[in-house]
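S.K.: Have a look at this fold, sequence not included:
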C-alpha cells in the first residue's frame, strides 16, 4: 500500500519536529487528545485527526507509541549514476533486518555518504521499523531502490568500488581515495557474485585480536561506519598534505 500511494509513516515528537523543521509537508497527522497543538497548527500539516492513546496504539508500529504519528510523502527522484563518482556513497545488497538498514542510513547521513543505493531484495526502506531506526536520517540522504549491477558498472568507470569482504586487504593498509562507493552485503551471506565482480578494491576490517568474539561477523552497519570513518579520515589527511 505504501509503495502504491508513495507515502510512509513517521512516529514521535522528535521525528515530526525534525520533518517540519526541514520543510517537509505532512499529509496526515494523528495526535492524542491532550497534546501537540504546535504540530496541528503548522501550515505544513494537512489533515489533523485527534485520537486517544488506545486508538494510537492500533495505528502505531511501536511497542510503546508516542503522542504523535504522521504520514508523509516519499520523495520522487531518479538516480544519476554520476553522483556515485563525485563523492562518497553507499550501496547495500540484500540487507533484510530493518534495524540494520535503518542504522546504515544513519551512518550514511552522519558521514555524508549519499546517495544510498539499495538492491530490490533489501527490506523496504519505508518499513516503519526501518524509518524509526533511521532517527530522521531519511531527511539527509537520498535513497534509491534499484538493481545494483548497472549502477555499480557505471560507477566503477570513474570511482573506486570498495567491497567489504573477509578476504580483502586490511582496511588500514589499503589504498583509499576520498570518494567512492562502499558496497556492503547481506548479514549472513555477504556480497553475491553478481555484485562482487564490480568491486575494484576488496577490503576487510581486521579484528584487534585473533580471539575476538564473532570476528567473522561484524555487524553490517558497524562495518559501514568503520569504513566511512577511515575514508573520511584519509581524505582529511590528503587535503592537509
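M.R.: Ah, there it is. Bear in mind the structure is a predicted one, so any value in this text is a computation, not a measurement.
S.K.: ok, residue 156 - contacts?
M.R.: Counting by C-beta atoms under 8 Å, 6 or more residues apart in numbering, residue 156 touches 198, 200. All C-beta atoms are positioned from the backbone trio N, CA, C, and that covers glycine.
S.K.: Now do the SS call for residue 91.
M.R.: Put simply, residue 91 is strand when judged by DSSP: H, G, I helix; E, B strand; the rest coil.
S.K.: Count the residues that sit near it.
M.R.: A count of neighbours around residue 91, defined by other C-beta atoms under 10 Å, yields 27.
S.K.: go on, residue 150?
M.R.: Residue 150, neighbours per other C-beta under 10 Å, totals 11.
S.K.: Now the helix or strand containing it: buried residues?
M.R.: Assigned by DSSP states H and E, residue 150 belongs to helix 148-156. Using 16 or more other C-beta atoms under 10 Å as the test for burial, helix 148-156 gives 148, 151-152, 154-156.
S.K.: All the helices of the chain, residue numbers only.
M.R.: 2-5, 13-21, 37-40, 53-59, 83-86, 98-111, 128-134, 148-156, 193-196, 220-240 (DSSP state H).
S.K.: who does the longest one touch, helix- and strand-wise?
M.R.: It stands for helix 220-240. Contacts defined by 3 or more C-beta pairs under 8 Å, 6 or more residues apart in numbering; DSSP states H and E place helix 220-240 against strand 88-92, helix 98-111, strand 161-170, strand 180-184.
S.K.: re the thing from before, could you dump the buried residues of helix 148-156 into JSON lines with pLDDT added?
M.R.: Listed next are those as JSON lines, based on pLDDT from 0 to 100:
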{"residue": "148", "pLDDT": "97"}
{"residue": "151", "pLDDT": "94"}
{"residue": "152", "pLDDT": "95"}
{"residue": "154", "pLDDT": "91"}
{"residue": "155", "pLDDT": "91"}
{"residue": "156", "pLDDT": "88"}
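S.K.: Fine by me, we can end here.
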